[in-house]
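> Predicted model and sequence below, questions to follow.
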Amino acid sequence: HPSAMTARTNGKMGMRQQAEDPAAMLAIGTTNPTNLLQPQDVFAEKLFRVTKSDHLTELKEKLKRIYMVATDMPKLAQSAAAKAIAEWGRPATDITHLVFSTYSALQAPSADLKLATLLSLRTTVCRTILSLHGCYGGARALHLAKELAENNRGARVLVACAETTLICFGSPNRANLVGHALFGDGAGAVIVGAGPFSEGERPLFEMVTTTQNTIPWTEHVISMQATVHPGGRPILDNIDTVLKLEPGKLAASRRVLREYGNMSGATIFFVLDELRRRRKKEEDSGHLLLPEWGARPSGRESPSRPCCFALHA
């Protein structure tokens, strides 16, 4: 009977699907690419020579970049994900869900399938790919991972984000100088799960709550961000000023921007990794100050499961 089915779904069956505790990040991995001559360079040269198109130099360079991103971007994500899985301590086949965010390549088969294959994940892993989210991609992927972990008891979600700015590289001109100087390439990965936790799993950050708010009728503003991207030092300075933060609250974010540049959606994973390293250093020294963590807006706190919050503009 339909009503009985509804009651059963919303009752005991629904309760069994819920995790006991809020989601937490269990491991973090990050990586940056090395500068190597790729086979794609040779392919493009051969293709344009055979088709007698060597004079189309701009098109040739664009094709090189497209092939390089399509091949190497999933490998970049694999490197970060492998580090996270190794720190997690459980086999990759225990991962139940994969959330992969990137704006660097749109293709079929999609990059999430390539990543799952490279990591030898189960063929039944539930895959989700987030495309063209830009700098917001990492935060949105974590948001989705929290929902998956808390509503699928026992789920372990691999979140990965990889970005390469190579696809946007163009001929030198004044309009492109800031973008080329500000942005960088990188990949980050996090294992997300909710309690009960198995032996050996150690929650790093508890994901207390996630929210999303879109200002209506701002599509025209979003289109401007392709040229004037807000993810640099000025946006951090503005956050400091508007929120009246104490000195050092954004130290981790500033260091990542200084050392690696803006890696779009992958940057948030580098900031989390930096926060984790700073906390470990302070624990070892016996002075757990954590000035860069900022406000904890809500939820539980404990030494074993610290909370943090992220802002994106």
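Now that the structure is in, tell me what you want to look at. Here the structure is a predicted model, which is why all the values come from computation and not from measurement. Numbers count the residues shown, from 1 in each chain.
> what stretches of the stretch 151-300 of the chain score poorly on pLDDT?
Across the stretch 151-300 of the chain, the ranges flagged by pLDDT under 70 are 166-181, 218-231, 286-300.
> Kindly recompute the last result at 90.
With pLDDT under 90 as the threshold, the stretch 151-300 of the chain has low-confidence stretches at 163-186, 195-196, 198-199, 205-206, 208-272, 274-300.
> can you give me the helices in it?
174-182, 219-224, 233-243, 251-260, 267-285 (DSSP state H, counting those that start in this stretch).
> okay if I get these as CSV plus mean neighbour count and distance to R202?
Where you see a C-beta, it was placed from the backbone N, CA and C, and this is true even at glycine. Below are the helices of the stretch 151-300 of the chain laid out as CSV (neighbours: other C-beta atoms under 10 Å; distance: least, C-beta to C-beta, whole Å):
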stretch, mean neighbour count, distance to R202
helix 174-182, 12, 35
helix 219-224, 9, 39
helix 233-243, 13, 30
helix 251-260, 18, 20
helix 267-285, 19, 11
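> Out of those, flag the one nearest D94.
Checking those against D94 by C-beta to C-beta gives helix 267-285 as the closest, at 20.5 Å.
> L250 contacts T241, correct?
No - L250 lies out of contact with T241 (C-beta atoms under 8 Å); the separation is 11.3 Å.
> List the buried residues of stretch 200-208.
Buried residues in stretch 200-208, counted by 16 or more other C-beta atoms under 10 Å: E201, P203, L204, F205, E206, M207, V208.
> Which of these fall within strands?
Judged by DSSP state E, strands contain the following of the buried residues of stretch 200-208: F205, E206.
> Between the buried residues of stretch 200-208, which sits nearest D112?
M207 (21.4 Å).
> For that closest one, give its distance to L144.
Note on M207: its distance to L144, by C-beta to C-beta, to the nearest Å, is 11 Å.
> tell me the contacts of the closest residue to L118 other than its chain neighbours?
Closest residue to L118 apart from its sequence neighbours, by C-beta to C-beta, 6 or more residues apart in numbering: Q78 at 4.3 Å. With contact set as C-beta atoms under 8 Å, 6 or more residues apart in numbering, Q78 has these partners: L115, L118, L119.
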